[in-house]
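> When you get a sec, could you give me coordinates for this:
(chains A and B)
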Amino acid sequence: MSSKLAKIEKRTAYLLILPSVLLVFSIILFPIFSNIWISFKNVELKDLRIPEPRAKKLVKSIKDNPNQIKIIYKLRNSSLTQEITNVKFKDKYPDNIEPISLNNKCQFKSNLLKCELGNWPKKYRENLEIVFQNTNNQEISKKELKSYKPKLSGKSQNILLTYEFTLNNFKKVIKDKSFIDLLSTTFYYTFFGTIGAIVFGILAAQMVNQKFFGRTFMRSVLLFPYVAPVVALAYTWELLLDPTSGTLNNLLINYQIIDGPINLLGQKYVTLNILGFDFKLRLALTTVIIFEIWRYFPLAFLFILARLQAVPKELYEAADVDGANPIQKFLNITLPQILAVISILFMIRFIWNFNKFEDIFLLTGGASGTRTLPINVYQQGFSIGDIGMGSAVSIVIVVFLLIFMFIYFKLLGKRADEN
Amino acid sequence: MKIKNIFTYCFISSLFLFSLICIWKILVTLQGIELTNFNFNKLFTFGIVLCVMNLFIGKKFNLNIKLIILALLFSIFDYFISINLPIWYSFGIFLISLFFFNTIKNYDKNFLSKNHSSQKLFFNFLTLFGITLFSFVILFPFYMMLVTSFKTQALLLLNPLDFSINFAQGLPELFKSYFVVFKDYNFGRYMLTSTIVSLGTVIITLIFAIPAAYAVARLNFFGKNFLSTSILIIYLFPAIVLVIPLYTIFSQFGLRNSIEGLLIVYTATTLPVAIYMLQGYFKSIPKELEEAGIIDGQNWLGIIFKIILPLSLPAISSVALYVFMIAWNEFLFSLMFLDRPNTFTLSRAIQFLNVGAETPRQYLMAGSVVVTLPILIIFVYFEKYLVSGLTAGSVKG
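So this is what the prediction gives:
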């Protein structure tokens, strides 16, 4: 009896999870695997359009002969690159007409015209003309003739489904001179974005953890940058930082802090003189990182605040009795308590910043030294139009991602063991 | 009382006062008022003088009278060193200094001779300073977004620092950018698309996720552990690695430029987190309630609808709001899949505005306000639910 119940339970469970599993499989897992397939192929954006046989139907009356009518089909292969084989043509006509003459490719049977048009090479064009006459002396309705649409079908090779593979994409990715620069930019962006967000998150959480007037309001405000749509925020920043009409530059010039405008998003390097040493700072990248920190520190803040509120008050009271100063209290009580949260946060944010696309894309489009791996996927795949290359870069991202995840789950497992 | 403590106290307090004044001056400058100097030297020195006065007067007479006198002194001083500024500017200075002296009114010689008092002072001011600075830095772009949408291109070119709102021109003139955005740029349609897509994603996600989460939380079946760990792993895969294959597949099936295509992708990408969040909550519901349901002769469907759903309404609203936010803000997929204006979502439409022709900035900002405002209103109104959703789902973002 109980085994029967277990069976029913099992069956219900599978039934309940099946829709979700299917959807996630087809939209997330299947694409990840097909990335591997595409990355070994030489596919371009223009190859993605499936070649289609197309026909435009023109109806023309014949002079001095109302009983006859001419139909012209303008046939063409929509693809500029691929051949269509075995093209078949089908069209329907009103009951009262029949063709006068037909070439041997076509057959007419009970209002249906069927043609076998053979193979069409790329860019192929042909006109098919057929004259019809009426069978019952009634007028031929042009409108009715036009209301039927011809149907064409043909076989074409789908470049995605062939078994031709190439290693060229990966060779190009790795041999590319800018690949090292690409990787270093990505890691620079990821690392400093993550660290900055966590540092500001700790600061903000420390502040909001104290009692002051308007604390709940402050908590909501701190989350605004994370909640608002990235498009709106990125464009607002772009306007603020604009070198000629931007508010920031105008303010700085107005208060005589700088002499001329600085193109914060369009200048690759700026040379800083600190203590007699010249530093080359990557300006646009730094600006993008600051935006990143501004937008994502709320998340770190939220996590750390939740942890801070769970720290027992007695610990601080005991420290007060011992005469500890605020810095000691922070270093010896608060920090150890939030360290676990910070390490998880670091791993997760690191993975996510590594894959961040929208922020950089909207602010600079990857120009002036802000090209990261995700931006490169877009540029290769859609700006240059080399889908295979884009896929190869995606695979590079996935490999890094798997390494990060491995480390992350290793750490997580270790922590779980300790507890 | 140590000299070091007095020195730290004066320095930090005066610096804090000065930075408050700076923020105020920046805001005033952005009203188109000519103000080209922060007067750091004078204000900072006078601030130190007043702080020392505050310290030595201590609690000798009524604290409120003391702070009003000090604030007045400061505003009068500022009034004399700055020329030709409107009276509301000085009033603002007065209020700020009132707030400042209110926070330091309790400090006197006794306080400064206590242990760690300079560090405590430092941290007190750091908190205050942090709160003001953080609010300013966060709210400033939002403020600029709003005020820019009320200006015109010509006025902004004339004086790029004048963001004052001219109420005298009448409401239709003031909201002109919004009229243009809705009428000429079709934002009404985009807003409808965005709403349909976001609500649709929420509904479909819940329909898929609730049964699946229930199965993972409650039922025993082969592969359950594998499933619950893979949910998390799948969730960590970013959209950027899905974009190319999905683009090729969607192109071939003609799903690009369709709301259906967008709905499928949004649902699939939010499903893992929805299941993850819901199953956690379902596990916390006592099993006895369901057993009672079984005794009453309910089947699985009945249990989900009559027992689980009503009990987990808070969790479901969290998930719903979180998914809504993700779908409303989503940009990458809408950029990839939509290139015909009649299927644009709001985010895509704003990007199109920016990239396309030379769109005047006030229209761009009006569009940004249109896309930002709904989500911020929802956030503030349902903050409790959304925050718990964010915390649970914030592994992604």
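
> going forward, measure contacts and count neighbours with C-alpha atoms only.
OK.

> Could you pick out the longest helix of chain A?
In chain A, taking DSSP state H as the definition, the longest helix is helix A:387-418.

> So for residue B:277, what's the pLDDT?
On the pLDDT scale, residue B:277 is placed at 86.

> if you look at whichever helix or strand it is part of, does any of it touch chain A?
According to DSSP states H and E, residue B:277 maps onto helix B:259-283. Yes: with C-alpha under 8 Å from any C-alpha of the partner chain as the criterion, chain A is reached by helix B:259-283 at B:264, B:265, B:268, B:269, B:271, B:272.

> Pull out the buried positions in the longest helix of chain A.
Residues of helix A:387-418 classed as buried: A:387-398, A:401, A:404-405, A:408 (neighbour count, 16 or more other C-alpha atoms under 10 Å in any protein chain shown).

> and which of those is nearest to chain B?
residue A:394 (5.2 Å; C-alpha to the nearest C-alpha).

> What about the residues of helix B:259-283 next to chain A, which one has the most neighbours?
residue B:271 (28 neighbours; other C-alpha atoms under 10 Å in any protein chain shown).

> which of the buried residues of helix A:387-418 are close to chain B?
A:387, A:390, A:391, A:394, A:395, A:397, A:398, A:401.

> what's the farthest-apart pair in these?
Using C-alpha to C-alpha, the two most remote members of these are A:387 and A:401, lying 20.7 Å apart.

> pLDDT weak spots in chain B?
Residue ranges of chain B with pLDDT under 70: B:1, B:115-116, B:356-357, B:391-397.

> those strands in it, which residues are they?
Applying DSSP state E to chain B gives no strands.

> Got the domain ranges for it?
Domains of chain B are assigned by automatic domain parsing as B:3-148, B:180-393.

> deepest of those domains, which one?
Comparing those by mean neighbour count (mean count of other C-alpha atoms under 10 Å in any protein chain shown), domain B:180-393 ranks first with a mean of 19.

> Now do the longest helix of chain A: distance to the chain's middle.
18 Å (C-alpha atoms, centre = their mean, to the nearest Å).

> Give me the helices and strands touching it, please.
Helices and strands touching helix A:387-418, by 3 or more C-alpha pairs under 8 Å, 6 or more residues apart in numbering or on different chains; DSSP states H and E, are helix A:30-39, helix A:168-175, helix A:335-354, helix A:373-378, helix B:240-253.

> of the ones you listed, which approaches residue B:90 most closely?
Judging those by C-alpha to C-alpha, what sits closest to residue B:90 is helix A:335-354, at 43.1 Å.

> Just the residues contacting that closest one, thanks.
If you take C-alpha atoms under 8 Å, 6 or more residues apart in numbering or on different chains as the criterion, helix A:335-354 is touched by A:186-187, A:189-191, A:193-195, A:198, A:300, A:303-304, A:307-308, A:311, A:401, A:404-405, A:408, A:412, B:236, B:238, B:395-397.

> go on, stretch B:146-162?
Outside stretch B:146-162, the residues that touch it by C-alpha under 8 Å, 6+ apart are A:245-247, A:250-251, B:29-33, B:163-165, B:174-178, B:360-366, B:369.

> CA atoms of that stretch as CSV?
Output of stretch B:146-162 as CSV, limited to C-alpha atoms (Å, rounded to 0.1, in the frame of the first residue of the first chain):
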residue,chain,number,x,y,z
LEU,B,146,13.7,64.9,-13.0
VAL,B,147,14.7,68.6,-13.4
THR,B,148,16.2,68.1,-16.8
SER,B,149,12.9,66.8,-18.1
PHE,B,150,11.3,70.1,-17.2
LYS,B,151,13.8,72.2,-19.2
THR,B,152,14.2,72.8,-22.9
GLN,B,153,17.3,72.3,-25.0
ALA,B,154,17.7,76.0,-25.8
LEU,B,155,17.6,77.1,-22.1
LEU,B,156,20.1,74.4,-21.2
LEU,B,157,22.5,75.6,-23.9
LEU,B,158,22.1,79.1,-22.7
ASN,B,159,23.0,78.3,-19.1
PRO,B,160,24.0,74.7,-18.5
LEU,B,161,23.8,75.1,-14.8
ASP,B,162,20.2,76.6,-14.6
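
> And that stretch, what's buried?
Neighbour-count burial for stretch B:146-162, counted by 16+ other C-alpha under 10 Å, picks out B:146, B:147, B:148, B:149, B:150, B:151, B:152, B:156, B:160, B:161, B:162.

> so what's the last one closest to, chain neighbours aside?
By the measure of C-alpha to C-alpha, 6 or more residues apart in numbering or on different chains, the closest residue to residue B:162 outside its immediate chain neighbours is residue B:32, 3.7 Å from it.

> Which positions in the stretch 1-150 of chain A make contact with chain B?
With C-alpha under 8 Å from any C-alpha as the criterion, the stretch 1-150 of chain A meets chain B at residues A:6, A:9-10, A:12-14, A:16-20, A:23-24, A:27-29, A:31-32, A:34-35, A:38, A:48-50.
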